[in-house]
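Trainee: 3D model of this:
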Amino acid sequence: MMKEKGKKPIFKKWWFWIIVVFVIGAIGTTLDDDTAADDDEVKSVQAENKKNETTDQNEEEKLTEDNKDKGENTDSEKKDTSSKMEESTDDDESTDSEKTEAANNSKDTEESAHKEKEKEEETDTEDDVPTEYTSALNSAESYSDLMSMSKVGIFDQLTSEYGDQFPEEAAQYAIDNMEADWNQNALNSAESYSDIMHMSKAGIYEQLISEYGDQFTAEEAQYAVDNIEANWNENALESAKSYQETMDMSHEAIRDQLTSDYGEKFTQEEADYAVENLD
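Mentor: Have a look, this model is predicted:
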């Protein structure tokens, strides 16, 4: 009995390997296609992303330029607005200046008219003043300027029968219209009494207010003795020398005369200084 031949395994058949090769080739082709597709897809995505980035960048640049242009326009508008405001301010200032100048001109005109009116009134008043009144006024001013007399002293001099003999009305007009600093007049008189007659402070005060003297007011006399610059010790010494030389008085008699209420009215200290410094 003949043995049957065993069948060959399928992997030993030639056509099996052809199929295997074909399948492997088909698989490789498929893999290559898939890889190529994937690459194409990746490239497409990258291209799209790049396109989007470019678009975004362009839009951003455009937006930046728009903002810049808008900012420049805004700055320009601000400058224009500021310029207009400055022009408006200048116009307002110019208007205010013109108004002020107009007001000043108006004020100057009013003042000028007022002064002119006063001048005319003064002229009219002067024309109405009697000549004798004007003469009395001129004399009164001379007594004040040259002799530093008091108000009462000037009036008495103007009306005295041993003086100018003006009517009282003319003398009163002169007193009312003259310009004089009575305090200064009192001070000038006090300085003369000190420099020429070497009088004491109390003696000068009494002379200034006396009805037989200068007839200044008590306030004017006090102003004079408060503001006079005098060395009362030296005044006492000069008075003491005069008594010694002209009256041959003793030192004690001179001391008494210097301090007496009926004499020179120096203080005790001033009289002592004078006597101690006599020859």
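Trainee: mind listing the helices for this structure?
Mentor: Counting by DSSP state H, the chain forms helices over residues 14-128, 131-147, 151-159, 168-177, 182-197, 201-209, 218-227, 232-247, 251-259, 268-276, given from the N-terminal end onward.
Trainee: now for the fifth one, which elements pack on it?
Mentor: Helices and strands touching helix 182-197, as assessed by 3 or more Cβ pairs under 8 Å, 6 or more residues apart in numbering; DSSP states H and E, comprise helix 201-209, helix 218-227. Bear in mind the C-beta positions are built from the backbone N, C-alpha and C, glycine included.
Trainee: do you know which of the ones you listed lies nearest residue 244?
Mentor: helix 201-209 (18.7 Å; Cβ to Cβ).
Trainee: can you name every helix or strand that that closest one contacts?
Mentor: Under the contact definition 3+ Cβ pairs under 8 Å, 6+ apart, helix 201-209 sits against helix 182-197, helix 218-227.
Trainee: dump these to TSV, plus distance to residue 18, mean neighbour count and mean pLDDT.
Mentor: Converted to TSV, the helices and strands packed on helix 201-209 look like this (distance: least, Cβ to Cβ, whole Å; neighbours: other Cβ atoms under 10 Å; pLDDT from 0 to 100):
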stretch	distance to residue 18	mean neighbour count	mean pLDDT
helix 182-197	153	19	98
helix 218-227	152	18	98
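Trainee: rebuild the ones you listed as CSV, extending it with distance to residue 135.
Mentor: Conversion of those to CSV gives the following (distance: least, Cβ to Cβ, whole Å):
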stretch, distance to residue 135
helix 182-197, 21
helix 218-227, 26
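Trainee: closest to residue 131 out of those helices?
Mentor: helix 182-197 (26.7 Å).
Trainee: who's the closest spatial neighbour of residue 199, skipping the chain neighbours?
Mentor: In space, residue 199 comes closest to residue 193 once its chain neighbours are excluded; the distance is 4.6 Å by Cβ to Cβ, 6 or more residues apart in numbering.
Trainee: for residue 144, same thing?
Mentor: Spatially, and ignoring its direct neighbours in sequence, residue 144 is nearest to residue 180 (4.4 Å; Cβ to Cβ, 6+ apart).
Trainee: gap between residue 196 and residue 275?
Mentor: Per Cβ to Cβ, to the nearest Å, residue 196 is found 23 Å from residue 275.
Trainee: let me fix that, I meant to ask about residue 145.
Mentor: Here the criterion is Cβ to Cβ. By it, residue 145 lies 40 Å from residue 275.
Trainee: closest one to residue 138 among the helices and strands packed on helix 201-209?
Mentor: With Cβ to Cβ as the yardstick, what comes closest out of these is helix 182-197 (17.3 Å).
Trainee: and for the closest one, what's in contact with it?
Mentor: Outside of helix 182-197, the residues within contact range by Cβ atoms under 8 Å, 6 or more residues apart in numbering are 144, 148-151, 199, 203-204, 207-208, 214, 216-217, 220-221, 223-225, 227-230, 235.
Trainee: hmm, 7 Å instead?
Mentor: When contacts are defined by Cβ atoms under 7 Å, 6 or more residues apart in numbering, helix 182-197 is touched by residues 144, 148-151, 199, 204, 207-208, 214, 216, 220-221, 223-225, 227-228, 230, 235.
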